[in-house]
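Novice: need coordinates for the below:
(one chain, ligands or ions: 2)
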Amino acid sequence: MPKLTVNGKEVEVPAGTNLIEAARAAGVEVPHYCYHPSLSIAGQCRLCMVDIEKTPRPTIACNTTAADGMVVNTETDRVRETRKSIMEFHLINHPLDCPVCDQAGECWLQIYYMKHGLYDPRMKDEKVHKPKAVPLGPHVILDAERCILCSRCVRFCDEITHTGELGIFERGSSRASTPRSTSGGSATPGATGSASRTRPTGCSLPRTRRAAPAPT
Ligand code: SF4
Ligand code: FES
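Specialist: Numbers count the residues shown, from 1 in each chain. Ligands and ions are numbered 1, 2, ... in the order given. Okay, the predicted model is just below:
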């Protein structure tokens, strides 16, 4: 069992544990979007940067295995700066529709922006617009503008239900998670419903929740 130090706290974790989980065991939260303990590692969002002693630059924690004697720091200046830049990158084309988004208040973009972003936006151009209401089967609607390409929903359908109805298509700023079938109607209701529960933002919501009146 490797023993390592996270933010000055020594912790012992089972062999094979990644640095997000090792930090968690030391009581330290490493912000992340694409990592989910039940899914394979995608390393896509780049938000989980940490500093490892004797390494030249911040490293993603989700795809780094804890090793004996490792010294990890999640709060160095360059990690904070990197996180802030990554938040800015994630939000370049994200619509600022929090006042009408049904995920507002429990959206990880909002939560991490307040904790780790708080930058002055430099984006002056019009944001890229994408389809706002794509059916993912009979129960779930995808708002492609709110997709941050974490691929959790895609991996859920590939690895948990093995139904594979979602994929990430197109290139550059046009990329988004979308159904493999163009109608979206053939998506397995249970699979896409469960996949949408892994969402970090208001990207894919149950039809009954979308634009529902806020609780009073
Ligand atoms: S639709 Fe949501 S869960 Fe799926 S890749 Fe995009 S942000 Fe991630
Ligand atoms: S959680 Fe590590 S790259 Fe997304």
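Novice: pLDDT value on residue 169, please?
Specialist: Reading off the confidence values, residue 169 has pLDDT 88.
Novice: that one touches residue 175, doesn't it?
Specialist: Yes. The criterion here is C-beta atoms under 8 Å, and residue 169 meets it with residue 175 at 7.0 Å. All C-beta atoms are positioned from the backbone trio N, CA, C, and that covers glycine.
Novice: who has more neighbours out of those two?
Specialist: Higher neighbour count among residue 169 and residue 175: residue 175, with 15 against 12, using other C-beta atoms under 10 Å.
Novice: residues in contact with that one?
Specialist: Applying C-beta atoms under 8 Å, 6 or more residues apart in numbering to residue 175 gives the contacts 149, 168, 169.
Novice: contacting ligand 1 as well, which ones from those?
Specialist: residue 149 (C-beta under 6 Å from any ligand atom).
Novice: cross the contacts of residue 175 against strands and list the overlap.
Specialist: 168, 169 (DSSP state E).
Novice: and the contacts of residue 175, which is closest to residue 32?
Specialist: Distance to residue 32 across the contacts of residue 175 (C-beta to C-beta) is lowest for residue 149, with 13.8 Å.
Novice: burial measure for the closest one, as a count.
Specialist: Residue 149 has 17 nearby residues by other C-beta under 10 Å.
Novice: wait, isn't it in contact with residue 89?
Specialist: No. In terms of C-beta under 8 Å, residue 149 does not count as a neighbour of residue 89; the distance is 11.1 Å.
Novice: so the spatially most central residue of the chain: helix, strand or coil?
Specialist: In the chain, the centroid-proximal residue (C-alpha atoms, centre = their mean) is residue 33; its distance is 1.9 Å. Using DSSP: H, G, I helix; E, B strand; the rest coil, the secondary structure recorded for residue 33 is coil.
Novice: and the nearest residue to it once chain neighbours are set aside, what does it touch?
Specialist: Distances taken as C-beta to C-beta, 6 or more residues apart in numbering place residue 45 nearest to residue 33, at 3.8 Å, with adjacent residues excluded. Contacts for residue 45 (C-beta under 8 Å, 6+ apart) come out as 32, 33, 34, 35, 86, 90, 148, 149, 150.
Novice: who wins on neighbours among these?
Specialist: residue 150 (27 neighbours).
Novice: got a pLDDT number for residue 174?
Specialist: pLDDT, residue 174: 74.
Novice: was I right about it contacting residue 129?
Specialist: No. Between residue 174 and residue 129 there is no contact under C-beta under 8 Å: 10.2 Å.
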